[in-house]
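Participant: Coordinates for the following, if possible.
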Amino acid sequence: MNILEVIEAKKRGRELTAAHIDFVVEGFTEGGFADYQMSAFLMAVWFQGMTADETAHLTGAMLRSGQELDTSPLSAPSADKHSTGGVGDKVSLLLAPLAAACGLKVPMLSGRGLGHTGGTLDKLEAIPGYRIHMDNEEFLELTERVGCAIIGQSGSIAPADGRIYAMRDVTGTVDSVPLITASIMSKKLAAGPRTIVIDLKTGSGAFMDDLAKARQLAKSLVAVGRLHGRNMSVVFSDMDQPLGVAVGHANETIESFAALRPAGRATAPADLVALTEDLVAEMVRVSGLEPGRDEALARVRDIWDSGAAFTKMEEWVAAQDGTIDPSREDFGLKQAPLALEVEAPSDGWLAKVDCRQIGLALADLGGARLTVDDPLDLTAGIDFLPAVGDKLSRGDVLARIFCTDAAKAKASAERIRSALTT
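Facilitator: Presented below is the predicted three-dimensional model:
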């Protein structure tokens, strides 16, 4: 077998065997053939696609390139959530302790943000002392003892995905459903949860802005997960406007923790509450803790309102050496000062938001990465206040910008204004 034969077969639309796919993944990861040959293979996949079996084989090959965590010794069903990314998406910070308080074990490997989307690890690093790295043994011990843990993905988890994604990023092959599926699922399967719920976002602030293609991706993710023995579910969510109010690392973390207070479900942004409820209820239902959606949702709401989820959040953060002060509104996290307010220039109705531009407005402040090596200002942020359909009057505050640099705040404000259609 050689790489040219495999490229030729896929170029002509033939179905590859597991042996073919293992050969490609192992060969590329170990440097057995040139980058330009892998580029040709990826482009052939982009044009010809892959069958469900091929996609499952690709996922498995990437999964086997690194370590797999064994969650079978955990004393309760294990479950995790994956979001395809968006602006203001801080759900994991509520979801992990809430799901744990509902009786699940939640081992969560999370990543950093890039471009217009935020990353869970970046938000957690706004917490003084929070430890995002630990070995697998400690990670699983903490998950068993506390009920949840969130750490960064190590280089030992699906290392083939890192190399292949880097090649996709520079060859125009990122937007391929089988390649996206293998990338997501190889990492999620490696973390070991038996139930995986996908938060698949669509809209102007999502990577998948076409609903038809999002449905195709959902079908592919579910098929691969089930072939690997996992319980799967997909929740579609809107990313045509930021989720919640806060956009930025410290302020999103504060918004998340405040929402978990016993009265938080009634006072937090309604869209954030609804999506978090939906996702945790699916985790509870699909894991078998409740027989149906109504029962699962009732459990989630009871736990949330009781304060048990807030207590679990405090326990989890402390277990990972984070320091917060629940007696303070800001939980002791450092935030940049208010730099300026963006006001509505005229009366009207908010018809549309280019949500991606709101995420890039955070990048203007230094709060998001445009390249993987960019430093972050974890204190910078935006409170985006209106929702699509709201009536606006001239002078209404549309957004509050928190930043230490006036010039950056001005550039961010200009981008926010240009993102709104009234």
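
Participant: Low-confidence stretches in the stretch 151-300 of the chain?
Facilitator: Low-confidence regions of the stretch 151-300 of the chain, defined by pLDDT under 70, are absent; no residue qualifies.

Participant: can you map out the helices along it?
Facilitator: Secondary structure of the stretch 151-300 of the chain by DSSP state H, counting those that start in this stretch: the helices cover 159-169, 177-190, 211-227, 249-259, 264-267, 270-286, 293-306.

Participant: in the first one, what counts as buried?
Facilitator: Of the residues in helix 159-169, those buried under the neighbour-count criterion (16 or more other CB atoms under 10 Å) are 159-165, 167-168. From N, CA and C alone the C-beta is placed, and that goes for glycine too.

Participant: any idea which of those is closest to Ala363?
Facilitator: Ranked by distance to Ala363 (CB to CB), the buried residues of helix 159-169 are led by Tyr165 at 20.6 Å.

Participant: Provide a list of residues in contact with the nearest residue to that closest one once chain neighbours are set aside.
Facilitator: Excluding the flanking residues, the one nearest Tyr165 by CB to CB, 6 or more residues apart in numbering is Ser183, at 5.8 Å. By CB atoms under 8 Å, 6 or more residues apart in numbering, Ser183 lies in contact with 62, 161, 164-165.

Participant: Using TSV, lay out these together with distance to Asp70.
Facilitator: Compiled in TSV, the contacts of Ser183 are given as follows (distance: CB to CB, whole Å):
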residue	distance to Asp70
Met62	18
Asp161	20
Ile164	25
Tyr165	25
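
Participant: I'd like to know the average pLDDT value across stretch 50-64.
Facilitator: For stretch 50-64, the per-residue pLDDT values average out at 95.

Participant: Nearest spatial neighbour of the residue nearest to the spatial centre of the chain, chain-adjacent residues omitted?
Facilitator: Taking CA atoms, centre = their mean as the criterion, Ser83 is the residue nearest the geometric centre of the chain, at 3.7 Å. For Ser83, ignoring the flanking residues on the chain, the nearest one in space by CB to CB, 6+ apart is Asp199 at 4.2 Å.

Participant: Show me the beta-bridge partners of the one you found.
Facilitator: Partner residues in beta bridges with Asp199: Ser83, Val235, with DSSP bridges as the criterion.

Participant: does it really touch Asp80, like I thought?
Facilitator: No: at 11.1 Å, Asp199 does not count as touching Asp80 under the criterion of CB atoms under 8 Å.

Participant: out of those two, which sits in the more crowded spot?
Facilitator: Taking Asp199 and Asp80 together and counting by other CB atoms under 10 Å, Asp80 has the greater number of neighbours (28 against 24).

Participant: Next one: the residue nearest to Ser83 relative to Gln216, how far apart?
Facilitator: From Asp199 over to Gln216 the distance is 17 Å, taken as CB to CB, to the nearest Å.
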